[in-house]
Structures are given as structure tokens and as C-alpha cells.
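Enquirer: here is the input, now give the coordinates:
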Amino acid sequence: MAWSAWLPLAAQDDLLDLLDKEIRPKRVPVDATFKSTRLINCHSVERMQGGDLEFHIAHRFGLINSGFKKFYGLDESSTHVSLEYGITDWLEVGVGRATVDEYFNGFLKLSPIRQSKGFPGMPVTVSVLLGGMTTTKEYPDPSWVVDAVHRRSFVTQLLVARKFAPWLSLQLSPTWIHRNMVSTPLDPNRMFALGMGGRLKFTPRAALTCEYFLLKDRLLLTGAPRFNPLTIGIDIETGSHVFQLFLTNSFNILEPGYIAETTRSWQKKEIHVGFNISRVFTVIRKKK
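Expert: Numbering: from 1, shown residues only. Take a look at the predicted model:
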């Protein structure tokens, strides 16, 4: 082919490539898959933006069916308070304290993959939670000598979520738990659970939320029978606050507790009322 014939074709191809790049939709991240860093008990794929600090309070009351003597559960409570800070837009760290079993805990949450539209698109958001905790409680037998290493537990979660529509988000939460000390030699130190949940928005500032964990090998645990935790609630957005009110069969708040130590059953009407509330503060304002 003569050069004079090839040059117009090459120029035409270059022009088409440039036009294709202009027409092709740019990559746009999908925001607000969930409105909080928690689905309810479980962490969500969301994390603090870089420079933001969240003060998070989680509270569970006693059993509703405990009757008037215990004021339908209001006399009993389980609480966890935490501070969670966004080091970057994709990395968050947190520390907290739980009243049940007197746990101190800390965690890292990384979000390497974010759902996005356009090109190149990504169908899901993926976050990874790495957490550890240690108990400071005194054991019933004072003769027990429990080393610090035996008081520790660890959790790893892979959080995968997709916002299907402005009103619907779903999440899967495969979870691995390791406890250095268990009740008897028959109890497993390592446990696996599959969590699933979602958010259904029904007004501009309110949404129905639900989560459920299926614990593998829960029938192998000794002592009181364990049940899979089921939690149903409502999210209410109030400007800078997110308030969650819910019903659950789990009194514990941290992962080794609410996943592996839930001894109450919905079928027996053993239900707790709980709430989560969070407040976000900007510590380092981003430069525009």
C-alpha cells in the first residue's frame, strides 16, 4: 500500500480512538453502600475517610421476656465504645472496650477494592477486617493462672458488598475466629462463620437492616446450646449521626461473642433490644 493511502487511514483510526475515549464513561466510585461502618453487629465495607474520627457506641439490653422484675431487660446492659480513625480513604484503625468479658480490642480495616461505574468498572466493594482482643476479667477460681497470651482472641473478616440500587445494598461476610483459650479441650479454637446481610432504604433518611451468621461446627461447642445470631433493625440518619435501633438474640457485641457465644433463641422469644450510635469528627481537613 502506498504511503499516501496509508496515512489518511492511520489518521482516521487515531481520531476514532480519541473519540472513543471521550465517549467512554469515566470511572465513578459508588458511594454510601451503607451509611455506617457497621451493618449492625458486623462491620460493613464502609470505613472512615482520611482525617475523620468516629466515636461509636454499641449497646444491648437484657431479655425482653425477663418480665417486670428486670424491667423487660432494661436493668441489664452490654456496651462497647470505640474510637475509629481514617488514616487514609482506604485504611481505618480502631480501638475499643466492651463490658462483657471485659475486652479491650483493636482492629485494622482495609478497603482495596471499591465498587465503581464507568470504565473500568468494578461490581463490588471489598474490605478486609483484621482484629484482636484481650480480656481482663478475673476467672471464678482464683487458683487459675491465666497467662496474657491465653486471654487473646483474633478475628479476620472478608467483607464483600454491592449497592444494587440507591435503595438496596447486600453484603457477604466470611469470618474466621481464633480463641487462644476455650472452655474445654473438646471446644475448637478456630471457627468459621458465613455472615450475610443487607440494607433496604424506604425513606430518604431511614432503612431496614438485617444480618445473619451461620456458624460452622456450632454443635461441637460444649455447654449451653449455641444459636446462629439474627439481627433486624432500622437505620435512622440524623445529619452527622447515624442511629441504629434493632432486635437481636445476641447479648455480646464483639465477634467471638456474638458469633460463637449466642445462647439465646428467637424461637424461644429470647430477644434483646439494642442500639448503635455514631458521631463523626473531622480531625484533619482535606486540602481542596
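
Enquirer: show me what contacts Leu172?
Expert: If you count contacts by Cβ atoms under 8 Å, 6 or more residues apart in numbering, Leu172 has them with 159-161, 194-196. Where C-beta positions appear, they are placed from N, C-alpha and C, glycine not excepted.

Enquirer: same thing but at 6 Å, please
Expert: With contact set as Cβ atoms under 6 Å, 6 or more residues apart in numbering, Leu172 has these partners: 160, 196.

Enquirer: okay, now the unreliable bits of the protein?
Expert: Counting by pLDDT under 70, the chain shows low-confidence ranges at 1-25, 140-146, 240, 287-288.

Enquirer: try it again with 80
Expert: 1-27, 68-70, 72-73, 75, 118-120, 138-150, 181, 183, 239-241, 285-288 (pLDDT under 80).

Enquirer: and the helices in it?
Expert: In the chain, helices defined by DSSP state H lie at 3-23, 255-258, listed in chain order.

Enquirer: dihedrals phi and psi, Trp90?
Expert: phi -120, psi 0 (degrees, to the nearest 10).

Enquirer: can you name the residues that contact it?
Expert: Shown here is Trp90, whose contacts under the criterion Cβ under 6 Å, 6+ apart are Ser111.

Enquirer: mind running it again at 7 Å?
Expert: 110-112 (Cβ atoms under 7 Å, 6 or more residues apart in numbering).

Enquirer: which stretches in the stretch 51-200 of the chain count as strands?
Expert: Taking DSSP state E, counting those that start in this stretch as the criterion, the stretch 51-200 of the chain carries its strands at 52-63, 77-88, 91-98, 103-113, 116-117, 125-135, 152-165, 168-179, 190-203.

Enquirer: helices or strands up against the fifth one?
Expert: In this case it means strand 116-117. Taking 3 or more Cβ pairs under 7 Å, 6 or more residues apart in numbering; DSSP states H and E as the contact definition, the neighbouring helices and strands of strand 116-117 are strand 28-29.

Enquirer: so the closest residue to Arg205 other than its chain neighbours versus Phe34, what's the distance?
Expert: If the residues on either side of it in the chain are set aside, Arg205 comes closest to Glu237, at 4.4 Å by Cβ to Cβ, 6 or more residues apart in numbering. Glu237 is 11 Å from Phe34, where distance means Cβ to Cβ, to the nearest Å.

Enquirer: try Leu221
Expert: Using Cβ to Cβ, we find Leu221 at a distance of 30 Å from Phe34.

Enquirer: so which of the two has more stuff around it?
Expert: Phe34 (23 against 20; other Cβ atoms under 10 Å).

Enquirer: tell me, how many residues neighbour the closest residue to Lys26 other than its chain neighbours?
Expert: Nearest-residue entry for Lys26: Gly118, 5.0 Å, with adjacent residues in sequence omitted and distances by Cβ to Cβ, 6+ apart. For Gly118, the number of neighbouring residues by other Cβ under 10 Å comes to 12.
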